[in-house]
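> Here is my input, please return the structure:
(chains A and B)
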Amino acid sequence: MDVTTIAWTVLLLPLIVAVSILLGLKRWSGLASLVSTGSAFITLFLCIRLAGGGDDLEAASFSWINMGDALQIDIGLVLDDLSRGMMLIVTSIGFLVHLFSLAYMKDDAGKSRYFAGLSLFMFSMTGIVLADNFIMMFIFWELVGVSSYILIGHWFEKDSAADAAKKAFLTNRIGDFGFMIGILLVWTLTGSIYFNEIAAAVGGVENAKLLNIAVFCVFCGAIGKSAQLPLHVWLPDAMEGPTPVSALIHAATMVAAGVFMLARVTFLVESAEMAATVIAWIGAITALVAALMALQQNDIKRILAYSTLSQLGYMIMAQGVHHGSDAGMFHLYTHAFFKALLFLGSGAVIYACHHEQDIWKMGGLRKKMPITFITFAIGTAALIAVPFTSGFWSKEAILEAAHHEHLWGPYTLAIIVAFLTPFYMTRLVIVAFFGKNRSDNADHAKEVGPIMWVPLALLAFMAVFSAYDFLTGPLMANGHADIGHLIGHFGLTATLSLTGLVVGVSAAIYFYKGKDKDPISIPAFADRFYIDEIYEKLIAIFQDGASKVCDLLDRYFIDPIVARFPAMTAMTTGSILRIFQMGNVQTYAFMFSIAVVALIVFLIS
Amino acid sequence: MESALTLDHFLIVSGFLFAIGLAGVLVRRNIIVIFMCLELMLSAANLTLVAFSRFNVHEGQPSYEGHVLLFFIITVAAAEVAVGLAIIVALYRSRETTDVGKLNTMKN
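Residues are numbered from 1 along each chain as shown, chains lettered A, B, ... in the order given. Predicted coordinates:
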């Protein structure tokens, strides 16, 4: 197969699988799950072949909308280092999550629907990664939103899941609206929607102010999809979905789509200085706020969700830093593996504890689930940036980039996060895996089967080694572990983040070792700074206001003028005309003759 | 003989016939009589047609085109009468009256 065929196969195979499951295979759920997993394996295999190298390719496209010179939209694929690397992340984690789901969703009633959703997601995500223009990216951007909606709401009979799905979809709407305006603005400014043409034309844009606004609007899409402040509220709620979905969509790939999109249009971001600064600040603030919220959560998946938010903040911050885009993608790449690992690990824990998610009701799982514990600990080590794990290198790269550009504000916030992350992750590990069993469910927990722990082991391997040259080379990541550079330039950043690691871990051990309930209570953090409540109030106020206005309009404008006035006119006219319709044939004939006579007289005279 | 009867005589007769027919249509109550009066009005119109044709003398010869047309009109009128009578019969069967004063259910 040549490269073009492979690329199209990678894109379309999951779609075919999703459609065939929905149309036919639904009844045989076992077969459906195997077909879906098989397709994930095939796409992974093909992506490894693609990653083998080759030139950048604007793969064959077909015309979708053609309106002459005014507008021409193609569905085309682009293969370069960025998309090849991202495709490998998506397909490899996608495959492992499919595998894990085989066990995790074994007895679920909606198993075929679930796997159809996963395949649909794989299709949509591939579309985003391979898109060569903004419109196509936007289409698939919406498609991942739909598949995310379907999968969050998989257990839709639970109100909380249905609400979370709705919340995720609607919150994303706000960001996507900005994204759409941004695309239109960029199109107006540069006259093109193709990334390569925009890159060529962006230097000639004279209206710098509008360009900044355009870039910020495009960034709004990333705010929604990558759950940055102030649209972050949907991501923690999205944990209502099955845990493998959280690992794939809400930790490793879809939420990173915003980062990927910004990396795809780095040339735009770098040409708009103001917008770039805003991006860096929003990323840093999100990282800090989410880390603070994570300190006081008790649900294992929510802690991970907030840490995802925090890490996404890092990546977004890197996108706003001049020359920081590669560092951001590097972190995306390492984070995808260790965060997927942590989520699948938490899935294994939840599965073993009979769907218990409160860490204070676990405890002592270290002895009952040794493999899960070890892999989870490795993932945690990568997340809190223990030296020589993958997370360490990528986080250093981001901090170095911010340091290098003298962005002191975001840099300071990011350093504070480097103190907080080890604290809350160590808290999670100590409370859930050490100490004694604090509930019957935890008491009865036992190690999960090989279909579950094999993906964990593979991901654990990646979590440690994905930053090193022998993996970054073929995986096309935009950075790599450089031990010589680290030792040679051991400076402020490395010192601070290592201090943060030591302080955070020891503080967590000091506070949480052997505790049965949380010794620290900070309601503002636990209640997520009341942001959800504030939104709820605001929405209620706006909704009430809007409905009041509508009510007044309806009562005093539409009802009397638009509805009643024409009705009255028609009725009056009708009742006048009725007088002449007495229903007597001869009267009609009489009137008719008089009219004829009158007409004749009129014509003759 | 020819000179005694002019076009005016014919037109006056047909005018009277038409007026009688119209009066009948307007004042009579029985729908059958109204129908017959309608036919009378049609005959008046026919008479006018024939008269105009007969007195349309061209190069010493009268035109007979009106007479030919008349046969067609009478034929069509016969068909029309058949339909009209059928409607009246059907109406009588359903309403048991031929009084147009009582056939006013189209009102309202």
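> so which helix or strand takes in residue A:603?
Assigned by DSSP states H and E, residue A:603 falls within helix A:585-604.
> Packing partners of that helix?
helix B:7-27 (3 or more CB pairs under 8 Å, 6 or more residues apart in numbering or on different chains; DSSP states H and E). C-beta coordinates here come from the backbone N, C-alpha and C atoms, glycine included.
> can you give me how far the helix or strand that the helix it packs on is followed by is from the chain middle?
Next along the chain after helix B:7-27, taking DSSP H and E as the criterion, comes helix B:31-54. A distance of 2 Å separates the centroid of the chain from that of helix B:31-54, by CA atoms, centre = their mean, to the nearest Å.
> counting contacts, what elements does helix B:31-54 pack onto?
helix B:7-27, helix B:65-95.
> and of the ones you listed, who's closest to residue A:244?
The closest of the helices and strands packed on helix B:31-54 to residue A:244 is helix B:65-95. By CB to CB, the value is 76.6 Å.
> Which other helices and strands does that closest one contact?
Using 3+ CB pairs under 8 Å, 6+ apart: helix B:65-95 touches helix B:31-54.
> could you dump the helix it packs on to PDB, C-alpha only?
C-alpha atoms of helix B:31-54 as PDB (Å, rounded to 0.1, in the frame of the first residue of the first chain):
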ATOM      1  CA  ILE B  31     -86.800  25.100  -9.400                       C
ATOM      2  CA  ILE B  32     -88.100  23.300 -12.400                       C
ATOM      3  CA  VAL B  33     -89.900  26.400 -13.600                       C
ATOM      4  CA  ILE B  34     -86.700  28.300 -13.000                       C
ATOM      5  CA  PHE B  35     -84.900  25.800 -15.100                       C
ATOM      6  CA  MET B  36     -87.400  26.100 -17.900                       C
ATOM      7  CA  CYS B  37     -87.100  29.900 -17.800                       C
ATOM      8  CA  LEU B  38     -83.300  29.500 -18.100                       C
ATOM      9  CA  GLU B  39     -84.000  27.600 -21.300                       C
ATOM     10  CA  LEU B  40     -86.200  30.300 -22.500                       C
ATOM     11  CA  MET B  41     -83.400  32.800 -22.000                       C
ATOM     12  CA  LEU B  42     -81.100  30.600 -24.000                       C
ATOM     13  CA  SER B  43     -83.700  30.400 -26.800                       C
ATOM     14  CA  ALA B  44     -83.900  34.100 -26.900                       C
ATOM     15  CA  ALA B  45     -80.100  34.400 -27.300                       C
ATOM     16  CA  ASN B  46     -80.300  31.700 -30.000                       C
ATOM     17  CA  LEU B  47     -83.000  33.700 -31.800                       C
ATOM     18  CA  THR B  48     -80.800  36.800 -31.800                       C
ATOM     19  CA  LEU B  49     -77.900  34.800 -33.200                       C
ATOM     20  CA  VAL B  50     -80.000  33.400 -36.100                       C
ATOM     21  CA  ALA B  51     -81.600  36.800 -36.800                       C
ATOM     22  CA  PHE B  52     -78.300  38.500 -37.000                       C
ATOM     23  CA  SER B  53     -76.900  35.800 -39.300                       C
ATOM     24  CA  ARG B  54     -80.000  35.900 -41.600                       C
END
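> So, low pLDDT: which residues of the chain?
Chain wasn't specified; assuming chain A. Across chain A, the ranges flagged by pLDDT under 70 are A:1, A:52-60, A:472-481, A:484, A:488.
> Chain B is the one I meant
B:1-3, B:106-108.
> What is the neighbour count of the residue lying closest to residue B:99 once chain neighbours are set aside?
Nearest non-adjacent residue to residue B:99, counting by CB to CB, 6 or more residues apart in numbering or on different chains: residue B:29, 5.2 Å away. Using other CB atoms under 10 Å in any protein chain shown, residue B:29 is surrounded by 13 other residues.
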